[in-house]
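How does the following fold in three dimensions:
(chains A, B, C and D)
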Number of protein chains: 2
Amino acid sequence: MSLASLVRKLEQFVRLSPVDHVILNRASTERVRHFGPRVDIVREGEKPKDVHLILSGWAYRYKQLEDGRRQVVSFFLPGDICDVNVFILREMDHSIGTVTAVSIADLSRDFFDRVAAEHPRIVTAFWWETLVNAAIQREWTMSLGQRTALERMAHLLCEIWLRLRLAGLTQGDSCDFPLTQGDLADATGLSKVHVNRTLQELRAGGLIVLKGKTLAVPNLDRLMRAGLFNPNYLHMDREGRQLDAVGAADAAAG
Amino acid sequence: MSLASLVRKLEQFVRLSPVDHVILNRASTERVRHFGPRVDIVREGEKPKDVHLILSGWAYRYKQLEDGRRQVVSFFLPGDICDVNVFILREMDHSIGTVTAVSIADLSRDFFDRVAAEHPRIVTAFWWETLVNAAIQREWTMSLGQRTALERMAHLLCEIWLRLRLAGLTQGDSCDFPLTQGDLADATGLSKVHVNRTLQELRAGGLIVLKGKTLAVPNLDRLMRAGLFNPNYLHMDREGRQLDAVGAADAAAG
DNA sequence: CGATTTCAATAACGTATGTTACATTGCACA
DNA sequence: TGTGCAATGTAACATACGTTATTGAAATCG
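Numbering: from 1, shown residues only, chains lettered A, B, ... in the order given. Purely as a prediction, here's the structure:
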């Protein structure tokens, strides 16, 4: 639909010039594609051709073993960029599939070359995106290696919540939440049955309200404590600006 | 000691010019520091100031929970670069510690700015490094989420083996291996006891010979099968050049 | 609008891996 | 050249989570 989420997110970190806005706007309207829900956008083994910018909808990156075991290795929310500069690699080592209907803009190699030469702020912003995604992946490693099922689930929900909030996609204490328990199982490395048990436990503790495709987080602090969640790895701050300020601004705006 | 491993590795992917070599050589001799074994180089919460290039020795990145649970999220081998452009972030979200004695070269922000402007090959090579590290982190997510203890351990050993080989640090079918079972436990998310059981099982199957600080892999193919290891994620190939060619060249040279 | 499939919920039972404890080996250093 | 501490090895026991199966509730669709 729009690149509002991307701009909102990047501007938490760097101040973009009016020209930068024009550049990003053009890049995100030129080559747009639409996909249905539960469909593959990119398959492991393919030659990466473009960088994908999620304009709307949810998607995930996943890997699969020959025997069918499947791991979701990251989620893409609106405003996320799949992988800056992937096209220098020969083939994809993972697949990307949609959760909901998704609109993406394809960013070409040329686009990046031009940006690199002429728009240093955007370059910095993209490096920020790259480094944060790396940090998220490390935190998932931490979760899968050390956190219990309950902690892991709480942690994941906190992360998604904060990322949505940064993109301007939460309303008060609730948000759209299109993931099934199967998706959560693939992302947390738990069985579907145990995901169900774990969600029940979070509900019983009043930590989440999850019904249909809506998630509410009545008390983020408590959920964060349950997930041993330290938001530092999301690097949602510019010099002199704290995470709380972001949240407060959001609350005031919404 | 030297940047031979870095250059060897990068040149598997891009062909660097003589000038590029000079640039890298200067960068890696200007500001060198030495550390003892089992020491922290960087601590979570610190302001990142430089990018670190490992000249010699092994190190790891790790994260820790308040109650002490600890996860190694990646290993650094000679020739590895810790995180291109980290200095744009406000604070480290993880720590870096040494396994053995380590020599590192600190690469400054200025260095990257100059390289970006004048040495496109090096930029491409650094992007390759960045993308491969991201792919490795995803593969660890896969391992921790889906692979059994045995598969996980076999997979990790394959990965380390191939990375060492690419850096020119294997001799025939064996290599230095300074990790303790405790390190392996922190990296695989298993207990030390189960790491021991798992190594015994790999030994019993003739998949590894691990004694003292030396690892031998008598049959890489079998170890790869045991770990459900697909080397694609390491992207050890340039157009028209296959992984096998790399291995063959190495065998011939060694 | 009924038919069909997907998703969520729950129960009974199984197991891979964790925990605690202690013995043994190896290696750094006095 | 012992002596002490870290690393490895092993056993007995505990448990968090997986597996299989069944049911009901919601979406989805012809």
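
Give me every residue in the stretch 151-254 of chain A lying close to chain B.
Contact residues, the stretch 151-254 of chain A versus chain B (C-beta under 8 Å from any C-beta of the partner chain): A:186, A:188, A:189, A:228, A:232, A:233, A:235, A:237, A:238, A:239. Using the backbone N, CA and C atoms, a C-beta is placed for each residue, glycine as well.

Tabulate those (JSON lines), appending distance to residue B:163, pLDDT and neighbour count.
What follows is these, written out as JSON lines (distance: C-beta to C-beta, whole Å; pLDDT from 0 to 100; neighbours: other C-beta atoms under 10 Å in any protein chain shown):
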{"residue": "A:186", "distance to residue B:163": "27", "pLDDT": "98", "neighbour count": "23"}
{"residue": "A:188", "distance to residue B:163": "28", "pLDDT": "98", "neighbour count": "23"}
{"residue": "A:189", "distance to residue B:163": "24", "pLDDT": "98", "neighbour count": "24"}
{"residue": "A:228", "distance to residue B:163": "31", "pLDDT": "98", "neighbour count": "20"}
{"residue": "A:232", "distance to residue B:163": "28", "pLDDT": "97", "neighbour count": "19"}
{"residue": "A:233", "distance to residue B:163": "25", "pLDDT": "98", "neighbour count": "23"}
{"residue": "A:235", "distance to residue B:163": "27", "pLDDT": "96", "neighbour count": "20"}
{"residue": "A:237", "distance to residue B:163": "33", "pLDDT": "81", "neighbour count": "19"}
{"residue": "A:238", "distance to residue B:163": "35", "pLDDT": "70", "neighbour count": "16"}
{"residue": "A:239", "distance to residue B:163": "36", "pLDDT": "56", "neighbour count": "6"}
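
does residue A:144 really touch residue A:151, like I thought?
No - using C-beta atoms under 8 Å, residue A:144 is not in contact with residue A:151; the gap is 11.0 Å.

what's the most distant pair in the residues of the stretch 151-254 of chain A next to chain B?
Farthest apart among those by C-beta to C-beta are A:186 and A:239. That separation is 37.6 Å.

Name the nearest residue to residue A:39, sequence neighbours excluded.
Nearest non-adjacent residue to residue A:39, counting by C-beta to C-beta, 6 or more residues apart in numbering or on different chains: residue A:98, 5.1 Å away.

Could you count how many residues lie near that neighbour?
21 (other C-beta atoms under 10 Å in any protein chain shown).

Once you drop chain neighbours, what's closest to the residue of the stretch 151-254 of chain A at minimum distance from chain B?
Relative to chain B, the nearest point of the stretch 151-254 of chain A is residue A:189 (3.1 Å; C-beta to the nearest C-beta). By the measure of C-beta to C-beta, 6+ apart, the closest residue to residue A:189 outside its immediate chain neighbours is residue B:145, 3.1 Å from it.

Is that neighbour within a helix or a strand, and which one?
For residue B:145, the element it lies in under DSSP states H and E is helix B:120-146.

angle of that helix against helix A:120-146?
30 degrees (axes from the mean of the first three to the mean of the last three C-alpha atoms, to 10 degrees).

From the contact counts, what lies against helix B:120-146?
For helix B:120-146, the packing partners by 3 or more C-beta pairs under 8 Å, 6 or more residues apart in numbering or on different chains; DSSP states H and E come out as strand A:59-64, strand A:70-76, helix A:120-146, helix B:4-13, helix B:18-30, strand B:70-76, helix B:109-118, helix B:149-166.
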